[in-house]
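>>> need the 3D shape of this:
(one chain, ligands or ions: 2)
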Amino acid sequence: MFQPKMPSLEPVQTWTRDSWRQYEAEQQPAFDDKKQLAEVVEELNSKPPLVTPWEIDRLKGQIAQASIGNRFLLQGGDCAELFSECRPDIIANRLKVLLQMSLVLVYGLRMPVIRVGRFAGQYAKPRSSDTEENNGEIFPSYRGDIVNAPEFGRQARRPAPERMIKAYEYSAISLNYIRALGEGGFADLNHPENWDLGFVEHDELRREYQGIVDSILEALKFMQAVSSNPIGDIDRVSFYTSHEALLLPYEEAFTRQSEHSSKAYNLSTHFPWIGKRTNQIDGAHIEYIRGIQNPIGIKIGSGMTPETLIPLLDRVNANHEAGKISLITRFGAKHIEKGLRPLIKAVQTSGHTVLWTCDPMHGNTEVVGNDVKTRRYENILSELEQAFDIHADCGSILGGVHLELTGENVTECIGGARGLKEADLSRAYQSEVDPRLNGEQALELAFAIVRKQRAMRQEASV
Ligand code: PEP
Ligand code: CO
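Ligands and ions are numbered 1, 2, ... in the order given. Next up, the predicted model:
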């Protein structure tokens with residue numbers, strides 16, 4: 001049986017929103033103007049927050065339910081949002097794909113779905129190298145629009161603190177529109193015109209989806225006919241926001257004391273996560289995240305061992321608070337079988353309850369042709385299906401999925417119902433960082449999740 005070793009760490013210090021500054025922070029830009037950085041953080045600190053503690057607490061309660069199998073978490077959106085893509089069509093299309101996927105999941109899994117967007121703040125990116133070389137010139141790597149600009153040039157790539165203010169503004173504008181769409185009936189199931197499949201050209205997918213929409217509308221009509229109460233939760237859907245809590249001065253500026261409980265919340269997003277490259281137990285990101293009330297995601301993949309994971313959970317969730325931690329696994333289709341099982345067993349033995357979710361994107365990135373990053377639909381699906389099987393086999397629950405997707409008709413991932421090929425990639429490749437599923441591929445994956453779950457239930461019942 002796995003026995004966690006005591007971590008060789010200093011005694012845990014008192015947490016404050018800036019105690020992370022005493023630790024080593026990976027993946028931070030080299031800002032040359034420290035005075036300007038401090039001024040920007042101070043200015044952001046005086047700005048209204050984007051979300052509220054009540055919303056965050058509600059999400060944490062829902063994640064606690066997902067961790068015991070009573071809900072399913074759908075988290076998806078861009079790898080990196082761009083300031084230039086803060087546009088109504090792009091925001092609405094992405095929302096639409098997430099809504100449609102969630103409709104398929106609610107119906108197929110017969111459980112409520114928690115919808116979390118990688119949006120309204122997903123502007124900071126970790127990079128494998130601090131610099132990029134091109135034609136003999138070397139400039140800092142692009143670290144997301146909150147830090148610098150993607151164009152290759154001295155000025156564009158200079159880490160500019162004032163971009164944090166822009167990131168806050170674009171996040172607020174995006175979130176305002178998302179909330180307005182939600183409130184204004186965009187997501188109302190009684191308006192089937194909003195559920196149409198403009199982007200799906202594959203007939204079978206379209207038929208299968210239309211069947212689901214029709215059955216749900218029938219059920220709604222029936223419920224409205226037999227009940228005088230408004231259906232509430234069923235005809236109004238809510239979205240939560242998430243982003244990688246990478247750029248710590250920004251996260252610090254939005255970490256505020258709640259008036260009702262005097263506890264600290266990160267009010268720039270509902271659900272911050274820590275990436276695979278910044279999850280070190282003795283690093284600044286883990287120090288920061290351990291003190292906030294938000295539910296948090298921690299990405300883990302190959303290289304993570306039980307000996308590291310359990311002390312990490314002990315540190316971040318010493319009180320074993322329900323709904324606090326989601327472990328987002330991203331091994332890749334080839335490595336999940338070996339990597340995931342020991343971690344699940346260790347968590348079970350440790351007494352921690354976490355929400356396990358699968359990110360089948362980041363372990364399956366490959367480079368083809370002329371340096372083009374892509375992912376194969378079949379590998380994405382394979383990792384996801386293996387994750388379901390491994391959890392079931394261990395008596396554990398896979399309670400969610402974490403995807404990079406867009407509502408635009410891009411050609412960034414290979415495969416799917418329409419069989420996109422390597423040669424198609426150049427047709428509509430738009431991502432600045434990682435390749436995303438397009439709307440059709442994303443919806444197809446939602447159906448595949450439902451099929452997999454149903455097959456597993458059938459197997460269990462014979
Ligand atoms: C991401 O989610 O875009 C990302 C960089 O993931 P990871 O930390 O798993 O590499
Ligand atoms: Co990514």
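
>>> the helix or strand residue 138 falls within: which residues count as buried?
Assigned by DSSP states H and E, residue 138 falls within strand 137-140. Using 16 or more other C-beta atoms under 10 Å as the test for burial, strand 137-140 gives 139, 140. (C-beta placed from N, C-alpha, C; glycine too.)

>>> could you do stretch 381-393 as well?
Residues of stretch 381-393 classed as buried by neighbour count (16+ other C-beta under 10 Å): 381, 382, 383, 384, 385, 386, 387, 388, 390, 391.

>>> then stretch 323-341?
323-333, 335-336, 339-340.

>>> now the residue of the stretch 301-450 of the chain found nearest ligand 2. Nearest residue, chain neighbours left out?
Here the stretch 301-450 of the chain gets closest to ligand 2 at one residue, residue 434, 3.5 Å apart by C-beta to the ion. Spatial nearest neighbour of residue 434, excluding adjacent residues (C-beta to C-beta, 6 or more residues apart in numbering): residue 79 at 3.7 Å.

>>> for that neighbour, grab phi and psi.
When quoted as degrees, to the nearest 10, the phi and psi of residue 79 stand at phi -60, psi -50.

>>> which parts of the stretch 51-200 of the chain sit against ligand 2?
When proximity is defined as C-beta under 5 Å from the ion, the stretch 51-200 of the chain approaches ligand 2 at residue 79.

>>> ok, now which ones touch whichever residue of the stretch 51-200 of the chain sits closest to ligand 2?
With C-beta to the ion, the shortest gap between the stretch 51-200 of the chain and ligand 2 falls at residue 79, namely 3.4 Å. By C-beta atoms under 8 Å, 6 or more residues apart in numbering, the residues touching residue 79 are 118, 122, 125, 404, 431, 433, 434, 435, 436.

>>> how about the buried residues of stretch 381-393 in CSV, adding secondary structure?
Shown next, in CSV, are the buried residues of stretch 381-393 (DSSP: H, G, I helix; E, B strand; the rest coil):
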residue, secondary structure
381, helix
382, helix
383, helix
384, helix
385, helix
386, helix
387, helix
388, helix
390, helix
391, helix
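
>>> reformat these as JSON lines; add distance to residue 238 and pLDDT.
Output for the buried residues of stretch 381-393, formatted as JSON lines (distance: C-beta to C-beta, whole Å; pLDDT from 0 to 100):
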{"residue": "381", "distance to residue 238": "28", "pLDDT": "98"}
{"residue": "382", "distance to residue 238": "32", "pLDDT": "98"}
{"residue": "383", "distance to residue 238": "29", "pLDDT": "98"}
{"residue": "384", "distance to residue 238": "25", "pLDDT": "98"}
{"residue": "385", "distance to residue 238": "29", "pLDDT": "98"}
{"residue": "386", "distance to residue 238": "31", "pLDDT": "98"}
{"residue": "387", "distance to residue 238": "26", "pLDDT": "98"}
{"residue": "388", "distance to residue 238": "26", "pLDDT": "98"}
{"residue": "390", "distance to residue 238": "31", "pLDDT": "98"}
{"residue": "391", "distance to residue 238": "27", "pLDDT": "98"}
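
>>> tell me the secondary structure for the residue nearest to residue 351 when sequence neighbours are not counted?
Leaving aside its sequence neighbours, residue 351 sits nearest to residue 320 (C-beta to C-beta, 6+ apart; 7.0 Å). What three-state DSSP gives for residue 320 is coil.

>>> ok, so what distance separates residue 320 from residue 379?
Counting by C-beta to C-beta, to the nearest Å, the gap from residue 320 to residue 379 is 35 Å.

>>> between those two, point out the one with more neighbours.
Set residue 320 next to residue 379 and count neighbours by other C-beta atoms under 10 Å: residue 379 wins out with 21 against 13.

>>> centre of the chain to the helix or strand encompassing the more buried one, how far?
Assigned by DSSP H and E, residue 379 belongs to helix 377-393. With C-alpha atoms, centre = their mean, to the nearest Å as the basis, helix 377-393 stands 18 Å off its chain's centre.

>>> that one packs against which elements?
Contact here means 3 or more C-beta pairs under 8 Å, 6 or more residues apart in numbering; DSSP states H and E; on that basis helix 377-393 packs against helix 336-350, strand 355-358, strand 398-404, helix 439-461.

>>> quick one, strands of this structure?
For the chain, applying DSSP state E gives strands covering 72-77, 113-118, 131-134, 137-140, 240-244, 255-257, 264-266, 271-274, 296-300, 325-329, 355-358, 365-368, 372-375, 398-404.

>>> just the C-alpha atoms of the third one, please, in PDB.
Output in PDB follows, covering the C-alpha atoms of strand 131-134 (Å, rounded to 0.1, in the frame of the first residue of the first chain):
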ATOM      1  CA  THR A 131      13.100  33.200 -26.000                       C
ATOM      2  CA  GLU A 132      12.400  32.600 -29.700                       C
ATOM      3  CA  GLU A 133      14.900  32.800 -32.500                       C
ATOM      4  CA  ASN A 134      14.100  33.700 -36.000                       C
END
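
>>> what does it rub up against?
138, 139, 140, 141, 142, 152, 157.

>>> one more time with 7 Å, if that's ok
138, 139, 140, 141, 152 (C-beta atoms under 7 Å, 6 or more residues apart in numbering).

>>> burial count for the spatially closest residue to residue 451 that is not a sequence neighbour?
What sits nearest to residue 451 in space, not counting adjacent residues and going by C-beta to C-beta, 6+ apart, is residue 108, at 8.0 Å. Neighbour count for residue 108, taken as other C-beta under 10 Å: 18.

>>> same thing with residue 141?
16.

>>> quick revisit: phi and psi next, for the residue of the stretch 301-450 of the chain closest to ligand 2.
phi -100, psi 150.

>>> residues in contact with it?
The contact partners of residue 434, by C-beta under 7 Å, 6+ apart, come to 79, 361, 365, 373, 404.
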